[in-house]
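Colleague: Return atomic coordinates for the entry below.
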Amino acid sequence: MMSNEIRLSVRARAGGCIVSADEFDLFEISNSIPEAEHHSLAVFHIALCRTGNSAELQSFALKLTGEDRNSLGYCFPVSAFGNAEAFDTRWAAVYGSAAFRFLTQAQMLRSVLSDDVLGLLRGQEVGIHDIYDDDLSVLVLGREALDRFEVSDSQIPLMLAREGICVTDEDDDGSYPPIFKPWQPAVSVARMSEEFRNEEELFWRLIRMAARSGWETGSFLILYQCLEYSIQRVFDWGMVNISPQGISTWDLKDRLSKLTNEKFRLNILNNHCFGGRVDAGILEALRGECRAVLAALGDDVDAHTSWTGALYALRNLVIHNQIRLMRRTDLSLKEVNIALTRLCLEIIGSLAAPGEDGIWTNERMVPETASEPSAYHSEP
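Modeller: Next comes the predicted model:
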């Protein structure tokens, strides 16, 4: 009988590898990767991830938005290693070979194979999908490309989450942000906003914490911190040009009054700090979900026609009158939190300072008409 002290070793063979214990061969792991040159794993950034898809047989390339040069790398589902078409280019084979070698490292295999399973595998030839969950994928990015595009390791989880790819961590408890998207043959990955640089780990932890909360109201409050951070930046930008030469004392007082109003800063965020980079469908979804909860509670949703107005009204309810929600056990914030998570990821990739004159370029908010409410222009 094998003990927990048994040590595995792995040696390569054509089309796979052989796993041994002590001096005895245990089993073989095969793949369908065409012959490709091997590079040290140190030249890659490799991580396990989940995409919401399982038993997928195709890999996909990852490219940086706005860059036509080499891709950042590839994502390989564990179920694709038996499909040669998933490695049908030179670089897909090179990166796929690195992914296979990463997955078949002795310490990786030992982390997922119990003694009992090792015993059952003795003498067999298996595939990677027989060892790892079939909803797991392997992310392989080239460090040369990451360095060239100035993408740090800590930025990668947030950048990929926006595209529906969740990098796992040591506490892979199955709680994932609601980010997954349908499978695509290629994914364009946007850079992070400069406004969130040096805060990447904090905000990834925030996103994961909200997913793991188990308490919908708590998740909402956690996610709202991303909005709080963003409108604090609006406050900072507003202070820069708040008192230009020639401004009257009354106008200065008016500007200060506006800038200290949270709803005003949300409106500025929406109207001046996204630059058209936030998916309008996500704003519409958040608006609709917030209004649905407010309507179920008997609030006048006609007073909250934009996403900023609806979100702010729900935020006030959660903070100041949460007991109204608690009384309605049939109401859920789940769909609100899904839309809010997606908006947070969009903001982390999109937030930018307003134009040269700051937020005071256009102090008058774009009005809405009663007949055509808009999710995109904020309320005055």
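
Colleague: Surely Q322 and E216 touch.
Modeller: No. Using CB atoms under 8 Å as the test, Q322 is too far from E216 to be in contact (11.2 Å). C-beta here means a position set from N, CA and C on the backbone, and glycine is covered the same way.

Colleague: who has more neighbours, those two?
Modeller: The neighbour count for Q322 versus E216, taken as other CB atoms under 10 Å, is higher for E216 (18 against 12).

Colleague: list the contacts for the more buried one?
Modeller: E216 is in contact with 332-334, 337, counting by CB atoms under 8 Å, 6 or more residues apart in numbering.

Colleague: Just say helix, strand or coil for the residue nearest to R13 when sequence neighbours are not counted.
Modeller: Sequence neighbours aside, E28 is the residue nearest to R13 in space, at 7.3 Å (criterion: CB to CB, 6 or more residues apart in numbering). At E28, secondary structure determined by DSSP: H, G, I helix; E, B strand; the rest coil is strand.

Colleague: What's opposite S137 in the beta bridge?
Modeller: Counting by DSSP bridges, S137 forms beta bridges with C49, P77.

Colleague: In this structure it contacts Y74, no?
Modeller: No. Using CB under 8 Å as the test, S137 is too far from Y74 to be in contact (9.8 Å).

Colleague: With neighbour numbers in mind, choose between the two.
Modeller: Shown here are S137 and Y74; by other CB under 10 Å, S137 has more neighbours (30 against 27).

Colleague: Can you give me the distance of that one to N53?
Modeller: Distance, S137 to N53, by CB to CB, to the nearest Å: 8 Å.

Colleague: what do these two both touch?
Modeller: Residues touching both S137 and N53 by CB under 8 Å, 6+ apart: P77.

Colleague: Report the rounded mean pLDDT for stretch 39-46.
Modeller: In this model, stretch 39-46 has a mean pLDDT of 97.

Colleague: what about stretch 190-210, distance to the chain center?
Modeller: 9 Å (CA atoms, centre = their mean, to the nearest Å).

Colleague: Pull the residues that contact that stretch.
Modeller: Contact with stretch 190-210 is made by 64-65, 149, 151-152, 154-155, 157-159, 161-162, 169, 175, 177, 218-219, 222-223, 225-226, 229-230, 233, 277, 337, 341, 344-345, 347-353, as judged by CB under 8 Å, 6+ apart.

Colleague: Try it again at 7 Å.
Modeller: 64-65, 154-155, 157-159, 161-162, 177, 219, 222-223, 225-226, 233, 337, 341, 344, 348-352 (CB atoms under 7 Å, 6 or more residues apart in numbering).

Colleague: So which bits of it are buried?
Modeller: 190-193, 195-196, 200, 203-204, 206-210 (16 or more other CB atoms under 10 Å).

Colleague: And those residues, which two are furthest apart?
Modeller: Farthest-apart pair in these is R191 and M209; separation 23.9 Å (CB to CB).

Colleague: re earlier: taking the buried residues of stretch 190-210 one by one, which sit in strands?
Modeller: Here DSSP state E is the test, and those give no hits in strands at all.

Colleague: want to try CSV for the residues you listed, with pLDDT and distance to D302 as columns?
Modeller: Formatted as CSV, the buried residues of stretch 190-210 follow (pLDDT from 0 to 100; distance: CB to CB, whole Å):
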residue, pLDDT, distance to D302
A190, 91, 35
R191, 91, 39
M192, 92, 37
S193, 93, 34
E195, 93, 34
F196, 93, 35
E200, 93, 40
F203, 95, 34
W204, 93, 38
L206, 94, 33
I207, 94, 33
R208, 92, 37
M209, 93, 35
A210, 94, 30
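
Colleague: with those in mind, which one is nearest to H304?
Modeller: Nearest to H304, judged by CB to CB, of these is A210 at 23.0 Å.

Colleague: What's the separation between that closest one and S9?
Modeller: 42 Å.
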